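S.K.: Sequence and predicted model, in that order:
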Amino acid sequence: VPTSTPASAHTPTSTPAPFAPGAPTAPGDGKGLSTPGSGGRGPRRRARRVLIAAGTALAVAVVVSQVGNADNEGTSADASDTPAAALPTGWQPWQVNLTRAAKDSVVNNVDTVESGCVRGGLSASSGSSAPGGSSESGDSVYCAGTGFTVARIDAASGRIKWRFGSNSQAAERPLGVQDGLVYAHVQPNEDTVFSTQQVVAIDTDTGKRVWSGKIDAGSPAALFSGGVLAMSDEGKEFVALDAKTGKPQWRTPAKSSAGTSCAPAVLGGAPYGICVNAEDPFKGPAGFVRLDPVDGTARELDELPLAAEPLGAIEGQPLFAVRQSLESESRNGQDEPYKELLRVNPTSGAVTRISLPDTSGGTDTSSGPNTSRGRSTPRGTPSLVGDAVYFVRPDGTVTATSAAKGALLWEMDTQIENLSAPVLSKTYDNLYFVNRYGRLLALDRLRGTEIWSTEKLDDPGTSAEDRLPSVLLVKDAIVAVAGDTAFSVDPDQPDERPSAAATTN
């Protein structure tokens, strides 16, 4: 039962953020994944995406534009017509360290951390303004760190206004910001590997806890239009928590014709459930359930293959990418081949299959460095941005395909390894990426050609190998996280860096 403290009136600052099911609890080849019905709950989720068969859930990777919105569209302009960047009031380049001293006890149960920031006043995934979002919260970012759960950072100066929580491990990216609250996961007892997990709501002005509630340790919560969607502590029910109070609004048994090992999912702002066989989660297919946002009534849609991974939604229709095989070919599943996209009609439940094209394939990192693969279907980590799906490989190859038809739009070998998922600038019609060491890259959305790239940070911190990088926009200012460092640059002058680190409160 959530514990609650009185909350003051809040101004809406965000629309709901979708998220994706599935995550291994340890590094490796993707096998042996912990599921709600397999006898163990991993307290943390580390890989960006794994198979539905995992039966657990993961906040949509990256907090990047993963939902198809018409206003993500744009056209490239000639250089002479390109407007100057619109930056937060008083903005200047900044850089801040996302660590602080914590207790000595450390649990070494992580491999890569899906960390980063979300923007106040925006959805964590759609990048669209929320009604009533205040300029103050809209010019702040809320970042995970090591030694604390979340910090509010001024997007103009990098000044840390407050920090919440204390944890010895690197915290995961906040779930999102909505109605003057920022939501995050906390693990009360870090010394116990399979400990209880909580979702906590924090006042964006004060940095104080408003409410918290226990949820299933293997399935994180997500924001949707009706509140916070989660699994009950025992993993037997889908539960919707009131976003302002944390009190349950409805509960629905977690089950489908495929099984009772379920995970919540929010796609296109709507709540869903994905269920697999509790006894053998790799025995398919998976059941896909639509949950009524008002009362939780469940309606089963068409079945999904176990190798499908949620990307987001296009025009309200959930979109999935399907791997070639359940067997992982690469470490952490970040360089897998994909054969098709699936688009699900949430009304009829019908599934449209969209074949993916052959590509040049780049290099085969599963067989050693610089090994030519020849032609194959797209490989890498997929992200839905606007009307395209981008596959980003560890070697820096980026492949763009049409989300509607699956056609190959372009493929670019950037020569920059370990890139993040992209974020789209509507002002410049460019895609921005950052890698683990703070190198930034801008590609033309229509052609994939490089616009500019930067050098790496002088010192991104000791966790650069363990934290997945991420990038977002505050107006036109680029805010990126690499290693232990958050930093912001002007896309017109991306090489300009601050003369000194930002101050903290």
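M.R.: Now that the structure is in, tell me what you want to look at.

S.K.: Val186 and Gln92: what is the separation?
M.R.: Counting by C-beta to C-beta, to the nearest Å, the gap from Val186 to Gln92 is 33 Å. C-beta here means a position set from N, CA and C on the backbone, and glycine is covered the same way.

S.K.: ditto for Thr485
M.R.: For Thr485, the distance to Gln92 equals 17 Å [C-beta to C-beta].

S.K.: Compare the two and say which one has the larger neighbour count.
M.R.: Using other C-beta atoms under 10 Å as the criterion, Thr485 and Gln92 rank with Thr485 on top: 23 against 16.

S.K.: which residues does that one bridge with?
M.R.: Here Thr485 sits in beta bridges with Asn97, Ala482, as judged by DSSP bridges.

S.K.: Name the spans of the stretch 1-150 of the chain whose pLDDT lies under the cut-off.
M.R.: Within the stretch 1-150 of the chain, the stretches with pLDDT under 70 are 1-82, 102-113, 121-138.

S.K.: Check what pLDDT Glu327 gets.
M.R.: Note for Glu327: predicted pLDDT of 86.

S.K.: Can you give me the neighbour number for Lys283?
M.R.: Lys283 is flanked by 12 other residues according to other C-beta under 10 Å.

S.K.: Please name the nearest non-neighbouring residue to it.
M.R.: Nearest non-adjacent residue to Lys283, counting by C-beta to C-beta, 6 or more residues apart in numbering: Asn277, 4.8 Å away.

S.K.: residue contacts, the one you found?
M.R.: 258-259, 261, 283-284 (C-beta atoms under 8 Å, 6 or more residues apart in numbering).

S.K.: Got a ChimeraX select line for the buried ones in the residues you listed?
M.R.: The buried residues among the contacts of Asn277 can be selected in ChimeraX (16 or more other C-beta atoms under 10 Å) with this line:
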select :258,259,261,284
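
S.K.: now the contacts of Asn277 in a markdown table, with secondary structure?
M.R.: Formatted as a markdown table, the contacts of Asn277 follow (DSSP: H, G, I helix; E, B strand; the rest coil):
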| residue | secondary structure |
| --- | --- |
| Ala258 | coil |
| Gly259 | strand |
| Ser261 | strand |
| Lys283 | coil |
| Gly284 | coil |
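
S.K.: Tell me the one of the contacts of Asn277 nearest Ala170?
M.R.: Of all the contacts of Asn277, Ala170 sits closest to Ser261, with 27.8 Å by C-beta to C-beta.

S.K.: wait, that closest one sits on Asp280?
M.R.: No - under the criterion of C-beta atoms under 8 Å, Ser261 makes no contact with Asp280, lying 9.5 Å away.

S.K.: that older thread, in the contacts of Asn277, find the pair that's most separated.
M.R.: With C-beta to C-beta as the measure, no two of these lie farther apart than Ser261 and Gly284, at 12.2 Å.

S.K.: shared neighbours of these two, which are they?
M.R.: Common contacts of Ser261 and Gly284 (C-beta under 8 Å, 6+ apart): 276-277.

S.K.: And for Gly226, the neighbour number?
M.R.: With other C-beta under 10 Å as criterion, Gly226 counts 22.

S.K.: Give the bridge partners for the residue nearest to Glu237 when sequence neighbours are not counted, please.
M.R.: Spatially, and ignoring its direct neighbours in sequence, Glu237 is nearest to Arg251 (4.7 Å; C-beta to C-beta, 6+ apart). Per DSSP bridges, the residues bridged to Arg251 are Val239.

S.K.: all strands for the stretch 201-350 of the chain, in order.
M.R.: For the stretch 201-350 of the chain, the strands defined by DSSP state E, counting those that start in this stretch cover 209-215, 222-224, 227-231, 237-241, 248-253, 261-267, 270-276, 287-291, 298-300, 308-314, 317-323, 338-344.

S.K.: helices or strands up against the last one?
M.R.: Just to be clear, that refers to strand 338-344. Helices and strands touching strand 338-344, by 3 or more C-beta pairs under 8 Å, 6 or more residues apart in numbering; DSSP states H and E, are strand 308-314, strand 317-323, strand 351-355.

S.K.: related to what we said a few turns ago, the strands of the stretch 201-350 of the chain into JSON lines, with extra columns for distance to Asn97 and mean pLDDT?
M.R.: Formatted as JSON lines, those follow (distance: least, C-beta to C-beta, whole Å; pLDDT from 0 to 100):
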{"stretch": "strand 209-215", "distance to Asn97": "24", "mean pLDDT": "96"}
{"stretch": "strand 222-224", "distance to Asn97": "28", "mean pLDDT": "96"}
{"stretch": "strand 227-231", "distance to Asn97": "30", "mean pLDDT": "97"}
{"stretch": "strand 237-241", "distance to Asn97": "33", "mean pLDDT": "98"}
{"stretch": "strand 248-253", "distance to Asn97": "39", "mean pLDDT": "98"}
{"stretch": "strand 261-267", "distance to Asn97": "32", "mean pLDDT": "97"}
{"stretch": "strand 270-276", "distance to Asn97": "37", "mean pLDDT": "97"}
{"stretch": "strand 287-291", "distance to Asn97": "40", "mean pLDDT": "98"}
{"stretch": "strand 298-300", "distance to Asn97": "45", "mean pLDDT": "98"}
{"stretch": "strand 308-314", "distance to Asn97": "32", "mean pLDDT": "97"}
{"stretch": "strand 317-323", "distance to Asn97": "35", "mean pLDDT": "98"}
{"stretch": "strand 338-344", "distance to Asn97": "37", "mean pLDDT": "98"}
